[in-house]
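1. take a look and give me a structure for this.
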Amino acid sequence: IPKEDIKSVNLIEELRNKTGLLDNIFVHGPEGFLNILSLTSKKLKSSTEYVHIAKNYITLKEFYDYESEFNVNHKELYLTVKGSTVKLPVIFDLNTDLLRLLGYFVAEGHYDGYSLVITNSEEAIITDVQEIINKLFDGTFITLSHDIRESKIRNRIIQSKNKRTSIYFGGKLIKILFKEILGIKEYAKNKRVPNLVFNLNNGLQTEFLKGLFSGDGEARGRSLGYSSRSLILREQVSLLLTSFGIEHSLVDEWDKEYECNQYRLKINSFDDKLKFSELIGFVSQKRKEKLQLQIQKIPIRVQLMWSLNEPKTLNEISQSLGISLRHAQNELYRRIKEGLIFRNNRGSLYLYSRNGENNLRDRVKDLYDIQKIEKIPSSTEFLYDLETEDNYFVANGIQVHNCSWPQMLYNNTVRFRSVKNTVDEMEL
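-> Next up is the predicted model:
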């Protein structure tokens, strides 16, 4: 994934092609920034010219018409819409709070008229959402609604087990930001990871995932995972997790209660649960505690790696782990075969030491051995090579690259490489 250090979004540039919205959005600036219009031969509509210049605002459509005449820094501008008190700076900062809020909304949000609604039963999440809204959106409202959620599914009333709180906020301009600029669609089955997220740095991506998993994720018993009614959303989340080296499995299940498909993602191994805990985690204290219970059960192989801070003999390893010599021998043999542990002679004794700093098993090989190359007749007349903006897509849960920039898994990360480089590396 081509991660970049994008720090902000220019709302004027993002709205440039949204022609149906331009007459209803207003650009405000520092005192006197519209005076230039009265000195030119071009004129605004006579009914609005005086009002705009006197109050220092202009419609976004008119701003585009005259922008070449303005000598103003976009950082000094902000946007409003008629009938709303919300103000958004034109240079809208992308920070951890915003990305976590986007994760919450993709997981648990929907649109209700001009309002945005996030519904959850966890007190920590409800508090966090309100604090973020107050920080980011000057002039917005916040309304809370408490109820026991009931859903009518095919003539059956299904009641949720927990009391849920719906947080209403937003207004016209914030809805435009979420729906038109960030591209967050209505209805659960249409939800997607906003395209922008794929091009952010690691810190912002993990905050988005934290909000998303805090909404639709789970940590119960030995299970850690995520579920969605959107197949594409699940596969996009899978791609993000893979880029952080968090391996997982994908499972499609029929939900008998709601009578619809649920697309699940499960993180199974200790290694990957530990990475998830360190990089992403949950907002809810209850889920944090459940995740901690899962990673407290440390596998012997990990305890072995952690114990080798300095070279040890077989007897020392057996005693430190509280396991038999035979068990210790078997574990050492497996780790030596994986290349994680070295064995050295010191007189009549063997000393075992860790190979490098990585305590966990790296189960993705740099390159896989080619078993066979053969030509397969095409079942269709044409073979299509899909070219996408970001040079990747997901097909049936498998990450697919197009020919110009293939992806390779290397130490649990995604890399972009040219075809020539890939072939050269394989030949070596």
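2. and Lys152, what's its pLDDT?
-> pLDDT, Lys152: 48.
3. how many neighbours does Asn309 have?
-> 9 (other CB atoms under 10 Å). Placement of C-beta: from N, CA and C, glycine included.
4. dump the residue contacts of it.
-> Arg354 (CB atoms under 8 Å, 6 or more residues apart in numbering).
5. and it, its phi and psi?
-> Backbone torsions of Asn309, given as degrees, to the nearest 10, read phi -70, psi -20.
6. bridging residues for Phe26?
-> Beta-bridge partners for Phe26, by DSSP bridges, are Thr59, Thr80.
7. and the gap between it and Tyr78?
-> Relative to Tyr78, Phe26 is positioned 9 Å away (CB to CB, to the nearest Å).
8. quick one, what contacts the residue nearest to Lys297 when sequence neighbours are not counted?
-> Leaving out its chain neighbours, the residue that sits closest to Lys297 by CB to CB, 6 or more residues apart in numbering is Phe270, at 7.5 Å. By CB under 8 Å, 6+ apart, the contact list for Phe270 reads Ile295, Lys297, Ile298, Pro299, Val302.
9. per-residue confidence at the second one?
-> Spelled out, that is Lys297. Predicted confidence (pLDDT) for Lys297: 82.
10. state the phi and psi torsions of it.
-> Torsion angles at Lys297 (phi, psi; degrees, to the nearest 10) stand at phi -90, psi 80.
11. what about it, how many neighbours?
-> Lys297: 9 neighbours (other CB under 10 Å).
12. okay, now the unreliable bits of the stretch 1-150 of the chain?
-> Residues of the stretch 1-150 of the chain meeting the criterion pLDDT under 70: 1-4, 32-33, 35-55, 70, 148-150.
13. and the strands in it?
-> 8-10, 25-28, 57-59, 78-81, 88-89, 91-93, 109-112, 115-120, 142-153 (DSSP state E, counting those that start in this stretch).
14. now these in a markdown table, with distance to Gln236 and mean neighbour count?
-> Output for the strands of the stretch 1-150 of the chain, formatted as a markdown table (distance: least, CB to CB, whole Å; neighbours: other CB atoms under 10 Å):
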| stretch | distance to Gln236 | mean neighbour count |
| --- | --- | --- |
| strand 8-10 | 20 | 15 |
| strand 25-28 | 29 | 21 |
| strand 57-59 | 36 | 21 |
| strand 78-81 | 29 | 21 |
| strand 88-89 | 26 | 18 |
| strand 91-93 | 23 | 16 |
| strand 109-112 | 16 | 18 |
| strand 115-120 | 20 | 21 |
| strand 142-153 | 25 | 11 |
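15. out of those, which is closest to Phe282?
-> With CB to CB as the criterion, Phe282 lies closest to strand 115-120 of the strands of the stretch 1-150 of the chain, at 12.1 Å.
16. on that earlier part again, right, and the strands of the stretch 1-150 of the chain - which one's nearest Leu177?
-> With CB to CB, the closest approach to Leu177 among the strands of the stretch 1-150 of the chain belongs to strand 88-89: 6.6 Å.
17. tell me how far Leu233 lies from Val9.
-> For Leu233, the distance to Val9 - CB to CB - is 21 Å.
18. can you give me the strands in the stretch 251-400 of the chain?
-> Secondary structure of the stretch 251-400 of the chain (DSSP E, counting those that start in this stretch): strands at 260-266, 341-346, 349-354, 392-395, 398-401.
19. rank those by pLDDT, which is bottom?
-> With a mean of 63, strand 398-401 has the lowest mean pLDDT of the strands of the stretch 251-400 of the chain.
20. restrict whichever helix or strand Ser214 is part of to CA atoms and write it as CSV.
-> Here Ser214 is covered by helix 202-216, with elements defined by DSSP states H and E. This file holds the C-alpha atoms of helix 202-216, laid out as CSV (Å, rounded to 0.1, in the frame of the first residue of the first chain):
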residue,chain,number,x,y,z
ASN,A,202,0.7,4.0,9.7
GLY,A,203,-0.4,6.1,12.7
LEU,A,204,-3.5,7.4,11.0
GLN,A,205,-4.4,4.0,9.5
THR,A,206,-4.2,2.3,12.9
GLU,A,207,-6.5,4.9,14.4
PHE,A,208,-9.0,4.2,11.7
LEU,A,209,-8.8,0.5,12.4
LYS,A,210,-9.1,1.1,16.1
GLY,A,211,-12.4,2.9,15.6
LEU,A,212,-13.6,0.3,13.1
PHE,A,213,-12.8,-2.7,15.4
SER,A,214,-14.1,-0.9,18.4
GLY,A,215,-17.5,-0.8,16.6
ASP,A,216,-17.7,-4.0,14.6
